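Chemist: give me a model of this one.
(chains A, B, C and D)
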There are 2 protein chains.
Amino acid sequence: MGVSLKDVASRAGVSIKTVSNVVNNYPHVTPQMRAKVQQAIDELGYRPNLTARHLRKGRTGIIALAVPEFGNPYFAELAGAVVDAAARHDYTVLVDHTAGLREKELLVSQGFRAHVIDGLILSPIHLETEDLTARTDSAPLVLLGEREYEAPYDHIAIDNVAAAREAVRHLIGLGHRRIAFLGSRTGRERQPAHLRLRGWREEHAAAGLEADDALVVVTDGYGREDGASAMAALLDRGGRPDAVFAYNDLIAVGAMRTLTERGLSVPGDVAVVGFDDIEEGRYGSTTLTTISPDKEAIARLAVDSLVERLAGGTAPEPRRQRPGYRLVVRESTTRSARSR
Amino acid sequence: MGVSLKDVASRAGVSIKTVSNVVNNYPHVTPQMRAKVQQAIDELGYRPNLTARHLRKGRTGIIALAVPEFGNPYFAELAGAVVDAAARHDYTVLVDHTAGLREKELLVSQGFRAHVIDGLILSPIHLETEDLTARTDSAPLVLLGEREYEAPYDHIAIDNVAAAREAVRHLIGLGHRRIAFLGSRTGRERQPAHLRLRGWREEHAAAGLEADDALVVVTDGYGREDGASAMAALLDRGGRPDAVFAYNDLIAVGAMRTLTERGLSVPGDVAVVGFDDIEEGRYGSTTLTTISPDKEAIARLAVDSLVERLAGGTAPEPRRQRPGYRLVVRESTTRSARSR
DNA sequence: CTGAAAGCGCTAACAA
DNA sequence: TTGTTAGCGCTTTCAG
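Modeler: Sure, this is the predicted structure:
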């Protein structure tokens, strides 16, 4: 095995505690003692065993982040932001993906890495309130994303209904009247797309327009191909929309691809709005109008909340925090943004 | 603190060892004993403390993966594949990003999480051979990517020169003669883009064509904006190419955006080939021809190599493994692939 | 098949 | 200022 404190101690002819003092930069060590110990450390190539330290201190300095998929740039970008936010608190992030599987989400939330992670940030898709209330793991948990839960955990999410309404309002304001929603899921009320779909409905109502349910398209997943096939299905069934509000940017990108293939122009024939503001949307041949959640704020709030609970002290009530967002208008809804 | 083995043992009225046996599914435990212990475990909500287990066993079952950026979908997709490959060996992956900083790469390679990770998979950009030979951390290390090192570590990378040559050959075969290379870095020979640039040169030579260095554009980074500005710079300086071979897909995407903005058509005016085969390239309004490295193979080989060294036993010579790749032809070089 | 005890490497009282 | 010692919770000989 490796070199331990004891080895260094005997090499330097001092006690184990003295070595520990040096390693941990304790103030009251004489310079010469420090030098002697440091030399032994260097000679032996000693590295502290963090596992032992963790056991002793009861904490590891590692927090976990579980997202559905790295393949979705939104989560990839978010993960980067979380890693950076955590680093500012001297925490390392263990990133995991749940592959959109409820089973995996359950596993993660139950603390499958008990005691090796100090806390968890989870962005669930399928988890239910019951799963959360049945949770036994004692590590603090912070939730991310659109799902709503009646469970005592911090939850960070932008106001999805309001954001969706703003997106739809933008389209209505441009004169569109047949606005499709791409990316609804079948099943329960609380499914992820619920809030954004509700925003779509509410804004129609507010504008005195009828929301046509025939323009709501269910998808299997949240990827580009799901958007492409949803758009194709919608066109095939006849009622061509004059605008599309997609659950997220990937679906929007897929939908635009199908429109291109069908010889329809964006935004000329069909305007498109997405959700997430992934970088990809800023570089297509038609850039994408989208709702841009403040990812840095989301990451920061999540990490700060977790760190606060980890620090103990005050254990505040579970909080619901709403970071900001904004509508970013690009070419997929307005030609004018086009440089030529 | 939490519930420990000891608590369960006293609750069940047995020894600590018996509880351990049950927890670890040791074969020789009478069913009734097992039932009794299991009941105590359930009642107390006992979870094994993995940190303690790690300390005792000298290993953690965690491997680290360090990539430059999650924002680059190539690495995000690769990370997903590595997580899955590792899971098949019962390893958890701690994903880290180096932000393309040499300092961070150094830190990671030196084992800043000593003993909490069993091994490391690193995709370096700036690390030098000296950094690697000076490495003291004893955890096994597997390298990924285009950089070449004279250091005793396993290295997984596709044949970048051959792949680049195939991409350029494709362009030459289509009749292009002014083929730009976007994404070279200034500085040392061994900089990442070196091999792909060399492929560009070699294939020109093999075809009896002159490679025009005025068509090689240096970029600061490897993102979409770097591609966009590189393309703009190239067009601004006058010598318009009839084709572009980009260091990676992101640069290609950025370049295509600039071409669109300038009113040039792809592939009509300028054909474009990328490298990485990120999903994004399959959904633009002009899909992207690219070199597609076998990411699953890369992830699998990396994890397998690491696991093999972790298992100890035979410590084979450092190996250089070359997973496969293929040229995927799409619309950015051939209209014919277009559906209309 | 089960129990007792040692010890993984470290930190933190407490002593000296 | 430095040394001694007792665990953190677990696995693992070695007995019984």
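Chemist: low-confidence ranges, the stretch 201-340 of chain A, go.
Modeler: Segments of the stretch 201-340 of chain A classed as low confidence (criterion: pLDDT under 70) are A:313-315, A:336-340.
Chemist: for residue A:292, what are its contacts?
Modeler: Contact analysis of residue A:292 by Cβ atoms under 8 Å, 6 or more residues apart in numbering or on different chains lists A:276-277, A:325-328. No exception for glycine: its C-beta is placed from N, CA and C like everyone else's.
Chemist: if you set the cut-off to 10 Å instead, what comes out?
Modeler: Going by Cβ atoms under 10 Å, 6 or more residues apart in numbering or on different chains, residue A:292 touches A:158, A:163, A:249, A:274-278, A:281, A:324-328.
Chemist: what do you get for residue A:302?
Modeler: Residue A:302 touches A:63, A:65, A:78, A:81-82, A:85-86, A:121-123, A:142-144, A:154-156, A:321, A:323, counting by Cβ under 10 Å, 6+ apart.
Chemist: mind checking which of these are in helices?
Modeler: Judged by DSSP state H, helices contain the following of those: A:78, A:81-82, A:85-86.
Chemist: reformat those as JSON lines; add pLDDT and neighbour count.
Modeler: Shown next, in JSON lines, are those (pLDDT from 0 to 100; neighbours: other Cβ atoms under 10 Å in any protein chain shown):
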{"residue": "A:78", "pLDDT": "95", "neighbour count": "25"}
{"residue": "A:81", "pLDDT": "94", "neighbour count": "21"}
{"residue": "A:82", "pLDDT": "95", "neighbour count": "28"}
{"residue": "A:85", "pLDDT": "95", "neighbour count": "23"}
{"residue": "A:86", "pLDDT": "95", "neighbour count": "25"}
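Chemist: which one among the residues you listed gets closest to DNA strand D?
Modeler: Closest approach to DNA strand D among the ones in helices among the contacts of residue A:302 (Cβ to the nearest atom of the strand): residue A:86, at 24.6 Å.
Chemist: which residues in chain A form helices?
Modeler: Under DSSP H, chain A gives helices at A:5-12, A:16-23, A:31-44, A:50-57, A:73-87, A:102-109, A:129-133, A:160-173, A:194-206, A:224-236, A:249-261, A:295-310.
Chemist: okay, and the beta partners of residue A:95?
Modeler: Beta-bridge pairing for residue A:95 (DSSP bridges): residue A:65.
Chemist: list the buried residues in stretch A:41-53.
Modeler: Residues of stretch A:41-53 classed as buried by neighbour count (16 or more other Cβ atoms under 10 Å in any protein chain shown): A:41, A:46-53.
Chemist: looking at the closest residue to residue A:138 other than its chain neighbours now. What's its pLDDT?
Modeler: Leaving out its chain neighbours, the residue that sits closest to residue A:138 by Cβ to Cβ, 6 or more residues apart in numbering or on different chains is residue B:2, at 6.6 Å. Per-residue pLDDT puts residue B:2 at 76.
Chemist: so what's residue B:2 up against?
Modeler: A:58, A:114-115, A:137-138, B:44-49 are the contacts of residue B:2 under Cβ under 10 Å, 6+ apart.
Chemist: up against chain B, what does the stretch 151-300 of chain A have?
Modeler: Taking Cβ under 10 Å from any Cβ of the partner chain, the part of the stretch 151-300 of chain A that reaches chain B is made up of A:223-225, A:227-228, A:250, A:253-263, A:265-266, A:278-280, A:282-287.
Chemist: now which of these would you call buried?
Modeler: Applying 16+ other Cβ under 10 Å to those flags A:223-225, A:227-228, A:250, A:253-260, A:262, A:266, A:278-280, A:282-287 as buried.
Chemist: quick one: the closest residue to DNA strand C within the stretch 101-250 of chain A and residue A:152, what's the gap?
Modeler: Distance from DNA strand C to each residue of the stretch 101-250 of chain A (Cβ to the nearest atom of the strand) is smallest for residue A:115, at 13.0 Å. Plainly put, residue A:115 is 22 Å away from residue A:152 if you go by Cβ to Cβ, to the nearest Å.
Chemist: in space, what's closest to residue A:230 - neighbours in sequence excluded?
Modeler: Nearest non-adjacent residue to residue A:230 (Cβ to Cβ, 6+ apart): residue A:217, at 4.3 Å.
Chemist: what's near enough to touch that neighbour?
Modeler: Contacts of residue A:217 by Cβ under 10 Å, 6+ apart are A:180-184, A:226-227, A:229-234, A:237, A:241, A:244, A:246-247, A:251, A:255.
Chemist: ChimeraX command to pick out the buried ones of these?
Modeler: Buried members of the contacts of residue A:217, defined by 16+ other Cβ under 10 Å, are picked up in ChimeraX with:
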select /A:180,181,182,183,184,226,227,229,230,231,232,234,241,244,246,247,251,255
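Chemist: residue A:102 touches residue A:131, doesn't it?
Modeler: Yes: applying Cβ atoms under 10 Å, one finds residue A:102 in contact with residue A:131, separated by 8.2 Å.
Chemist: of these two, who's got more company?
Modeler: residue A:131 (17 against 14; other Cβ atoms under 10 Å in any protein chain shown).
Chemist: residues in contact with the closest residue to the more buried one other than its chain neighbours?
Modeler: The shortest distance from residue A:131 to any residue other than its chain neighbours is 5.9 Å, reached at residue A:106 (Cβ to Cβ, 6+ apart). By Cβ under 10 Å, 6+ apart, the contact set of residue A:106 is A:98, A:112, A:124, A:126-128, A:131-132, A:134-135.
Chemist: repeat for residue A:116
Modeler: Going by Cβ under 10 Å, 6+ apart, residue A:116 touches A:51, A:54, A:60, A:62, A:64, A:94, A:139, B:49-51, B:53-54, B:60-62, B:92, B:94, B:116.
Chemist: what's the domain layout of chain A?
Modeler: Following automatic domain parsing, chain A resolves into domains at A:5-48, A:58-157+A:295-323, A:160-293.
Chemist: could I get those domains as JSON lines with distance to residue B:72?
Modeler: Shown next, in JSON lines, are those (distance: least, Cβ to Cβ, whole Å):
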{"stretch": "domain A:5-48", "distance to residue B:72": "31"}
{"stretch": "domain A:58-157+A:295-323", "distance to residue B:72": "8"}
{"stretch": "domain A:160-293", "distance to residue B:72": "10"}
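Chemist: out of the ones you listed, the one nearest DNA strand D is which?
Modeler: Of the domains of chain A, the one closest to DNA strand D (Cβ to the nearest atom of the strand) turns out to be domain A:5-48, at 3.2 Å.
Chemist: now that closest one: average pLDDT?
Modeler: Mean predicted confidence for domain A:5-48 is 89.
Chemist: circling back to that earlier point, who has more neighbours, residue A:115 and residue A:152?
Modeler: Legend: neighbour count by other Cβ under 10 Å for residue A:115 and residue A:152, higher for residue A:115 (24 against 11).
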